[in-house]
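Novice: model the structure of this input:
(chains A and B)
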Amino acid sequence: MADNTINSNIVFTYDSKARRSPAIEELLDTIRYRDLIYQLVRRDIVARYKRSVLGVFWTMLQPLGMMIVMNIVFSKLFGRIEGYIAYLLSGLIAWTFFSQTTSSAVHQIIWGGALLKRIYVPKTSFSLSSVGTGFVNLILSLIPLLLIVLIARRPVTWAVTFLPIPILCLTFFALGLSLILSTLAIQFPDIKEMYQIIIQAWMYLTPIVYPADILPETYRNLMLYSNPMYYLIEMFRSPIYNGSLPSITIIIGGTTISIITLLIGWVYFSYQSDKFAYLA
Amino acid sequence: MNPVIILDNISVRYHAPEQRINTFKEYAIQLFKRRVRIKEFTALSDVSLQVNRGEILGIVGHNGAGKSTLLKVISRVLIPTNGRVRLIGRVSPLLELGGGFHPELTGWENIFLNGTLLGHTSREIEARLPEIIEFAELGNFINSPLRTFSSGMVARLGFSISTTWKPDILILDEILSVGDENFRKKCNIRMEKFRLEGTTSLLVTHNLETLQTLCTHAIWLDHGVLKASGSPREIVELYRQSQLLTQ
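Specialist: Presented below is the predicted three-dimensional model:
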């Protein structure tokens, strides 16, 4: 057994001392495990609808139902906005994607934590699959959104072809934040509860149900431009509701914020994730 | 000599707060009071080891001696605090992956979920699907949700998925007592086949009889230190003597 003459030609499958940078290694491993991410997304979608009669239609009915309720409550207040239901639903869909994805990522890493102590799995898989599930739901809810836009008689223009960009930005931002939250949540499980409160407050600070111009003029710009979700929701809403591209400030701001958040989240998570197994 | 596992001076130290801090609130309070005292706990200390191809290495030691930590280091779950781990080949931990199953999904769907968790691609799983189902003896249940399975069926399915592919390094944390007598026999045949085909196995068990009959080599861990290494008979003897002394 104890034999010190190790042939130097041996190629090791794993060498704990010859690791690349954690961020790159994690990326390569998620590519290798892409089928796992697909299976996790599939599991979340299939399991959610398995015992319901309407199945996947719930994905489309849920934002519609919420929109109807909010429309009844707020249309008196904001009725002056032309085609308020289209304004409301476009904001709501973008927001729901973001809030569901980040909350589910926190939930998933706590579930996956038990698994991570027993087998090797790329640890970003859980955030990636949450974003994947959210992405599928977002794409499905574009169908009722289109319907509402037509009902509200909003102009449908070539600007809708811009939509993949805001969707990509929303995905990047949600993934970056999910990774940061997961890293915290695995150490402090009560982050999950805390985040639910934060996300409630955040929603009310973002112009989703109300128009931006009702904010007091003195803080309006500060409140809007310091809120990443304002850029992303505007980017998503403008082509649908206004039928035109968002302003250049919004496009540049939104893209920069989402790319930077993703980079920070990915690097922070992958450098911290070696420690996860040490947390008893 | 044909080493497939080489451990050089492995140490694992857990840094844990003296009192377990579970919530961010507690942490903030403790931090504010400057009371987060970190205690170091050494789970493995300077362990060097080589395991050759085809060996079955038994690991003995009392609870908390570092056996599970050693297996975690080898299965890539834990990066050691110090030292170097080198492996050749695919490591497959054999454990009931209860956590990897979903009750609402069918047996068929769970095979894909579990298989990809173990690092296989969907295509690889597809190719072995009939074999997995047959070995697990699930019959028509394969299309029913997992929640309708008996616990024996779940265990059989887990075992079947994780042993369908011949691993290069097999990790056995406590020998499984899966299913009935008949199924256990099938499991043992499969293990024996792996051994003949050159799979290296690591075995942790409290049953010293099994260890002596199954293993080709053994080590004794005590408080994170590698106390002795040798033939299973020697090691079991040494371990028994030390236990008598402490009693």
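Novice: can stretch A:36-50 be found next to chain B?
Specialist: Yes. Contact of stretch A:36-50 with chain B (CB under 8 Å from any CB of the partner chain) involves A:36, A:38-40, A:42-43, A:46-47, A:50. All C-beta spots, glycine's among them, are computed from the backbone N, C-alpha and C.
Novice: buried set for that stretch?
Specialist: For stretch A:36-50, the neighbour count (16 or more other CB atoms under 10 Å in any protein chain shown) marks A:36-37, A:39-46, A:48-49 as buried.
Novice: residues contacting that stretch, please?
Specialist: Stretch A:36-50 has contacts (CB atoms under 8 Å, 6 or more residues apart in numbering or on different chains) with A:30, A:55-56, A:58, A:104, A:121-122, A:125-126, A:128-130, A:132-133, A:136-137, B:102, B:104-105, B:109, B:112-113, B:116-117, B:119, B:122, B:145.
Novice: just the buried members of those?
Specialist: A:30, A:104, A:121-122, A:125-126, A:128-130, A:132-133, A:136-137, B:102, B:104-105, B:109, B:112-113, B:116-117, B:119, B:145.
Novice: helix or strand next in line after the helix or strand of chain B with the lowest mean pLDDT, which one?
Specialist: In chain B, no helix or strand scores lower on mean pLDDT, DSSP states H and E than helix B:24-32, which sits at a mean of 71. Using DSSP states H and E, the helix or strand that follows helix B:24-32 towards the C-terminus is strand B:38-52.
Novice: list the pairing partners of that next one within its sheet, with orientation.
Specialist: Note on strand B:38-52: by DSSP bridges, its sheet partners are strand B:3-17 (antiparallel).
Novice: now the angle from the strand it pairs with to helix B:24-32?
Specialist: 70 degrees (axes from the mean of the first three to the mean of the last three CA atoms, to 10 degrees).
Novice: buried residues, strand B:3-17. List them.
Specialist: B:3-8, B:10-14.
Novice: can you give me the strands in the chain?
Specialist: With no chain named, the answer covers chain A. A:14-15 (DSSP state E).
Novice: that answer is for a different chain, and I need it for chain B
Specialist: Listed in chain order, the strands of chain B (DSSP E) span B:3-17, B:38-52, B:56-60, B:82-87, B:91-94, B:169-173, B:200-204, B:217-222, B:225-230.
Novice: turn those strands into CSV, columns for mean pLDDT.
Specialist: CSV is the format used below for the strands of chain B (pLDDT from 0 to 100):
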stretch, mean pLDDT
strand B:3-17, 87
strand B:38-52, 88
strand B:56-60, 92
strand B:82-87, 92
strand B:91-94, 81
strand B:169-173, 85
strand B:200-204, 90
strand B:217-222, 94
strand B:225-230, 92
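Novice: for the helix or strand of chain A with the lowest mean pLDDT, list every residue counted as buried.
Specialist: Using mean pLDDT, DSSP H and E, helix A:57-78 stands out as the lowest-scoring helix or strand of chain A, at a mean of 79. Neighbour-count burial for helix A:57-78 flags A:59-60, A:62-64, A:67, A:70-71 (criterion: 16+ other CB under 10 Å).
Novice: one more: stretch B:58-78?
Specialist: B:58-61, B:65-78.
Novice: burial check on B:Leu238, number of neighbours?
Specialist: 16 (other CB atoms under 10 Å in any protein chain shown).
Novice: identify the residues contacting it.
Specialist: B:220, B:227-228.
Novice: from those residues, pick the one nearest chain A.
Specialist: B:Ala228 (11.7 Å; CB to the nearest CB).
Novice: show me what that closest one bridges to in the sheet.
Specialist: Using DSSP bridges, the beta-bridge partners of B:Ala228 come out as B:Trp220.
Novice: dump the residue contacts of residue 230.
Specialist: Picking chain A for this. A:Tyr230 is in contact with A:206-207, A:212, A:224, counting by CB under 8 Å, 6+ apart.
Novice: not what I meant, chain B
Specialist: B:217-218.
Novice: show me where the stretch 151-280 of chain A has its helices.
Specialist: Along the stretch 151-280 of chain A, counting by DSSP state H, counting those that start in this stretch, helices occupy A:164-187, A:191-205, A:217-225, A:228-237, A:248-272.
Novice: show me the shaky parts of chain A.
Specialist: Within chain A, the segments meeting pLDDT under 70 span A:1-10, A:51, A:53, A:280.
Novice: write out the residues of the stretch 51-200 of chain A neighbouring chain B.
Specialist: Residues of the stretch 51-200 of chain A lying near chain B (CB under 8 Å from any CB): A:51, A:111, A:114-121, A:184, A:188-191, A:194.
Novice: buried subset of those as a PyMOL selection?
Specialist: The PyMOL command for the buried members of these (criterion: 16+ other CB under 10 Å) is given here:
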select buried, chain A and resi 115+116+117+118+119+120+121+184+188+189+191+194
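Novice: that older thread, which ones among the residues of stretch A:36-50 next to chain B are found in helices?
Specialist: A:36, A:38-40, A:42-43, A:46-47 (DSSP state H).
Novice: got the contact list for stretch A:145-157?
Specialist: Contacts of stretch A:145-157 with the rest of the structure, by CB under 8 Å, 6+ apart, involve A:63-64, A:67, A:83-86, A:89-90, A:93, A:239-244.
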